[in-house]
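A.B. asks: One predicted model, sequence on top.
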Amino acid sequence: MELYAGNTYLWTKLLHTLFVIAWMATVFYLPRILVNIAEAASEPAVVARLVLMGKRLYRFGHVMLGFVFLFGFLLWFGRVIDDSLWPHITAGRGWMHLKFLLVLGILAHFIVAGRMVKAIEKGAAPKSATWLRWFNEIPVVLLLVILVLVFIKPI
């Protein structure tokens, strides 16, 4: 395969998508760790190990989110650098604005989950496993709507 400037947009989109997948893995798994913590509340050694896993996953998620932002920023504002490398194909499209709003919702969920892990580390009691299972479904629903917006572009 030949590398040439004409496919810079596609490579940027590919890398953005790769890091979105990695970040979403952390978004989905962090609440699952919280469920496990709630279910193992009577076993301090298990809780300590799960909290450590949660903190490391949360840190990894921040790194992945940084790359998501970097490549997303290039997709959105790369035209300022060179319009031929990063065309502005989403200009004036309502679906992109709603997508941004929903991504902020997933980001808020991710931050709340990370703060829950940190609070548990400091001695706070976890919420119930049932509550956390429902909490875990929020990003799935948001992601489904985002995927509809990106692929179907209904607005």
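C.D. replies: Structure's in. What do you need?

A.B. asks: only C-alpha atoms for contact and neighbour calcs from this point on.
C.D. replies: Will do.

A.B. asks: now for the helix or strand bottoming out on mean pLDDT in the chain, which elements pack on it?
C.D. replies: Lowest mean confidence among the helices and strands of the chain (mean pLDDT, DSSP states H and E): helix 44-81, at a mean of 93. If you count contacts as 3 or more CA pairs under 8 Å, 6 or more residues apart in numbering; DSSP states H and E, helix 44-81 packs onto helix 8-39, helix 94-121.

A.B. asks: how far does the longest one sit from the chain's center?
C.D. replies: Using CA atoms, centre = their mean, to the nearest Å, the mean C-alpha position of helix 8-39 is found 5 Å from that of the whole chain.

A.B. asks: Also the shortest one?
C.D. replies: Centroid displacement of helix 94-121 relative to its chain, using CA atoms, centre = their mean, is 7 Å.

A.B. asks: For it, could you pull out the residues that count as buried?
C.D. replies: Judged by neighbour count (16 or more other CA atoms under 10 Å), helix 94-121 contains these buried residues: 95-96, 99, 102-103, 105-107, 109-110, 113-114, 116-118, 120-121.

A.B. asks: Over to stretch 13-21?
C.D. replies: Of the residues in stretch 13-21, those buried (16+ other CA under 10 Å) are Lys13, Leu15, His16, Phe19, Val20.

A.B. asks: what's the answer for stretch 138-155, then?
C.D. replies: By neighbour count on 16+ other CA under 10 Å, the buried set for stretch 138-155 is Pro139, Leu142, Leu143, Ile146, Leu149.

A.B. asks: Go ahead and confirm the fourth one touches Lys99.
C.D. replies: Yes - with contact defined as CA atoms under 8 Å, Ile146 counts as touching Lys99 (5.6 Å).

A.B. asks: so Lys55 touches Val117, yeah?
C.D. replies: Yes - using CA under 8 Å, Lys55 is in contact with Val117, at 6.8 Å.
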